[in-house]
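Undergrad: here you go, sequence then predicted model.
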Amino acid sequence: MSEELLFPGDFIANAEEFLPGEGTYVENGKVCASEVGTVKKDLEKRVVSVECKVNKAPAMQRRGLTVLGVVAKASEKAGFIDLLPTEDEKKRYFPISASTVLRVNNIRRGFVKSLDEEFKVGDIVRVKITDAEPNNVVVSTEGPNLGVVKAFCEKCRAPLVRKGSELVCPVCGWKAHRHMAKDYGEANAA
Ligand SMILES: [Zn+2]
């Protein structure tokens, strides 16, 4: 079978001969490619599909993109952020397997002693992608609109409310500190 690279719109087979599989569509009785990739023909089931040869992740996780995530792990030197689905670019989602790292020296300008004093597990954060390898995405919160946009009380899980530069629980009065985004708690922040 040919390993020729197909592009969206390229003719693959007649629709009478083959059913359209993944990465294809039918137009005027012709099965065409909807993805960049190589063709796969299942002669038994009479299905043609296109095996995508373009890694979609880097396009989404490109440098400079600002995205929302949830803090999955926070320690002294680094945190892991699970990126939330984005409505951008044809509603493509971030692969769950991608580990997204926020290091303590990328929180803000100047010295930060410990990342887990600025972020807690479960916080919703707005981060900027500074490095995007397919399986290693590095993010930063250095910038006025970056940081925690929503945090929850460690005692009762109620959403914390901003009070000056700190956070307070409206239910139990618990006080907390986070590296907040400028628009923390605003309606459209998260
Ligand atoms: Zn509380």
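TA: It's in. Numbers count the residues shown, from 1 in each chain.
Undergrad: could you list the domains of the chain?
TA: Here the domain parsing of the chain from automatic domain parsing is 11-54, 57-176.
Undergrad: Glu3 is nearest to which of the ones you listed?
TA: Set against Glu3 and scored by CB to CB, the domains of the chain come closest in domain 11-54, at 5.4 Å. Quick note: C-beta positions are derived from backbone N, CA and C, even for glycine.
Undergrad: how far is the closest one from where the chain is centred?
TA: Chain-centre distance of domain 11-54: 29 Å, with CA atoms, centre = their mean, to the nearest Å.
Undergrad: check contacts around Glu154.
TA: Lys120, Trp174, Ala176 (CB atoms under 8 Å, 6 or more residues apart in numbering).
Undergrad: again, but for Glu166
TA: Contacts of Glu166 (CB under 8 Å, 6+ apart): Lys175, Ala176, His177.
Undergrad: re earlier: could you point out which of the domains of the chain sits nearest the ion?
TA: Closest to the ion of the domains of the chain, according to CB to the ion: domain 57-176, at 3.1 Å.
Undergrad: so for that closest one, mean pLDDT?
TA: The average pLDDT for domain 57-176 rounds to 85.
Undergrad: sorry, back to before: TSV for the domains of the chain, including distance to Glu186?
TA: Shown next, in TSV, are the domains of the chain (distance: least, CB to CB, whole Å):
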stretch	distance to Glu186
domain 11-54	37
domain 57-176	8
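Undergrad: need those domains in JSON lines (columns: distance to the ion).
TA: Listed next are the domains of the chain as JSON lines, based on distance: least, CB to the ion, whole Å:
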{"stretch": "domain 11-54", "distance to the ion": "47"}
{"stretch": "domain 57-176", "distance to the ion": "3"}
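Undergrad: that older thread, nearest to Gly29 among the contacts of Glu154?
TA: Among the contacts of Glu154, Lys120 lies closest to Gly29 (CB to CB), at 57.7 Å.
Undergrad: distance-wise, check the closest one relative to Ala72.
TA: Taking CB to CB, to the nearest Å as the measure, Lys120 and Ala72 are separated by 11 Å.
Undergrad: between the two, who's got more neighbours?
TA: More crowded of Lys120 and Ala72, by other CB atoms under 10 Å: Lys120, with 17 against 13.
Undergrad: which ones are touching the more buried one?
TA: For Lys120, the contact set (CB under 8 Å, 6+ apart) comprises Val71, Ala74, Ala151, Glu154, Ala176, Arg178.
Undergrad: again, only this time at 7 Å
TA: Residues near Lys120 by CB atoms under 7 Å, 6 or more residues apart in numbering: Val71, Ala74, Ala151, Glu154.
Undergrad: do the same with Val70
TA: By CB under 7 Å, 6+ apart, the residues touching Val70 are Ile81, Asp82, Leu84, Gly122, Ile124.
Undergrad: out of those residues, who has the most neighbours?
TA: Ile81 (25 neighbours).
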